[in-house]
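Trainee: Fold the stuff below for me.
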Amino acid sequence: MVCFPTKTLLSYKVTRENMNSEVTDLAVKSISFAAEISFINDIGINSDGTLLAILHTKDNDVSVDVFSIKTICGSTSTEPLKPICKTRVGLSESNQGSALEWNPAFADTFAAASTDRTVLVVKIDINNPSSQTLVGIGKFGAYTTAISWSPKGKQLTVGDSLGKIVQLKPELEVVRCQFGPEQNPSYGKVTGEVLKIKKQFYVFVVFNIYNSTLFFFVPLFKRF
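Mentor: I've put the predicted structure just below:
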């Protein structure tokens with residue numbers, strides 16, 4: 001993995017002359033991970049910037065490895081970094097990681113999903129990272145392609161490979177579900193984010209089908 005220091009990016013000046021040119025001289029930090037990480041499906045940094053989660057797949061084994069940002073930034077060794085904790089996602093013989101998202105209000109909690117239709121929510125003990133609490137785990141009718149938490153972190157919304165949107169509690173109890181446009185359950189894969197507009201929460205949804213992309217604002221009736 002390649003990391004760019006924030007000051008390096010902010011100090012780079014874009015001009016008319018270089019805006020379309022490939023940049024090869026920025027300061028970077030290369031990080032090596034253990035051999036267990038062969039294909040990265042998704043990454044995310046928690047809300048207080050202390051932890052990096054990597055959703056990855058190797059030989060149909062899907063896991064989330066969590067690393068300390070402080071360790072990554074301070075490391076000068078060429079040895080592969082070791083995670084502070086590891087969580088397996090799904091048990092299917094044919095499985096791939098599909099989505100990962102940290103809770104924006106609680107820096108110790110994330111949700112992850114895989115193509116065997118598994119979704120789980122995990123809470124990490126910051127003082128003892130090897131200790132984890134499984135807040136919720138379940139399987140749904142189609143595999144999750146997008147996860148978005150509410151701003152207060154009290155609920156999450158997932159979109160799936162059949163175009164359905166499901167609103168959930170952290171324990172993965174279903175609050176509400178809705179099909180895509182024209183009530184067509186096979187409309188296409190979903191990506192999206194939860195937005196708050198004038199005291200009402202919406203899911204900004206992107207439906208991808210064939211060569212078309214459609215954008216929708218879907219209201220969430222239960223405020224959270």
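
Trainee: For the host helix or strand of Gly136, name the packing helices and strands.
Mentor: In the assignment (DSSP states H and E), Gly136 maps to strand 132-139. Packing partners of strand 132-139 (3 or more C-beta pairs under 8 Å, 6 or more residues apart in numbering; DSSP states H and E): strand 118-124. C-betas here are computed from N, CA, C, even on glycine.

Trainee: And the strand it packs on, what's buried?
Mentor: For strand 118-124, a neighbour-count test (16 or more other C-beta atoms under 10 Å) marks 118-124 as buried.

Trainee: Just name the closest of those to Val64, please.
Mentor: Using C-beta to C-beta, Val122 is the member of the buried residues of strand 118-124 that lies nearest Val64, at 7.5 Å.

Trainee: where does the protein have its least confident helix or strand?
Mentor: The weakest-scoring helix or strand in the chain, judged by mean pLDDT, DSSP states H and E, is strand 189-197 (a mean of 53).

Trainee: Report the residue spans of this structure with pLDDT below the cut-off.
Mentor: Along the chain, segments meeting pLDDT under 70 span 35, 180-224.

Trainee: can you give me the helices in it?
Mentor: Ranges of helices within the chain are 6-11, 69-74, based on DSSP state H.

Trainee: between the ones you listed, which gets nearest to Pro129?
Mentor: Closest among the helices of the chain, using C-beta to C-beta: helix 69-74, at 11.3 Å.

Trainee: The closest one packs against which elements?
Mentor: By 3+ C-beta pairs under 8 Å, 6+ apart, helix 69-74 packs against strand 51-58.

Trainee: buried sites along the strand it packs on?
Mentor: 51-57.

Trainee: Ser131 contacts Lys123, doesn't it?
Mentor: No: between Ser131 and Lys123 there is no contact under C-beta atoms under 8 Å: 9.5 Å.

Trainee: if we can go back for a sec, and which of the buried residues of strand 51-58 is nearest Ala112?
Mentor: Using C-beta to C-beta, Leu55 comes nearest to Ala112 of the buried residues of strand 51-58, at 5.6 Å.

Trainee: contacting residues for the closest one?
Mentor: Leu55 is in contact with 40-43, 62-64, 89, 97, 99-100, 112, counting by C-beta atoms under 8 Å, 6 or more residues apart in numbering.

Trainee: next one: Glu36
Mentor: 56, 58, 63, 65.

Trainee: tally of neighbours for the last one?
Mentor: Number of residues near Asp65 (other C-beta atoms under 10 Å) recorded here: 21.

Trainee: was I right about it contacting Asp42?
Mentor: No: with contact defined as C-beta under 8 Å, Asp65 does not count as touching Asp42 (11.7 Å).

Trainee: Name the residues contacting each of those two.
Mentor: Counting by C-beta under 8 Å, 6+ apart, the residues touching both Asp65 and Asp42 are Ile54.

Trainee: Which residues are in contact with the residue lying closest to Leu168 once chain neighbours are set aside?
Mentor: Closest residue in space to Leu168, ignoring its immediate chain neighbours: Leu156 at 5.4 Å, by C-beta to C-beta, 6 or more residues apart in numbering. With contact taken as C-beta under 8 Å, 6+ apart, Leu156 is in contact with 101, 103, 111, 121, 147-150, 167-168, 170.

Trainee: Grab the most central residue of this protein for me.
Mentor: Taking C-alpha atoms, centre = their mean, the centroid of the chain lies closest to Leu100, which sits 2.4 Å from it.

Trainee: quick one: it and Asn41, what's the gap?
Mentor: Leu100 is 7 Å from Asn41, where distance means C-beta to C-beta, to the nearest Å.
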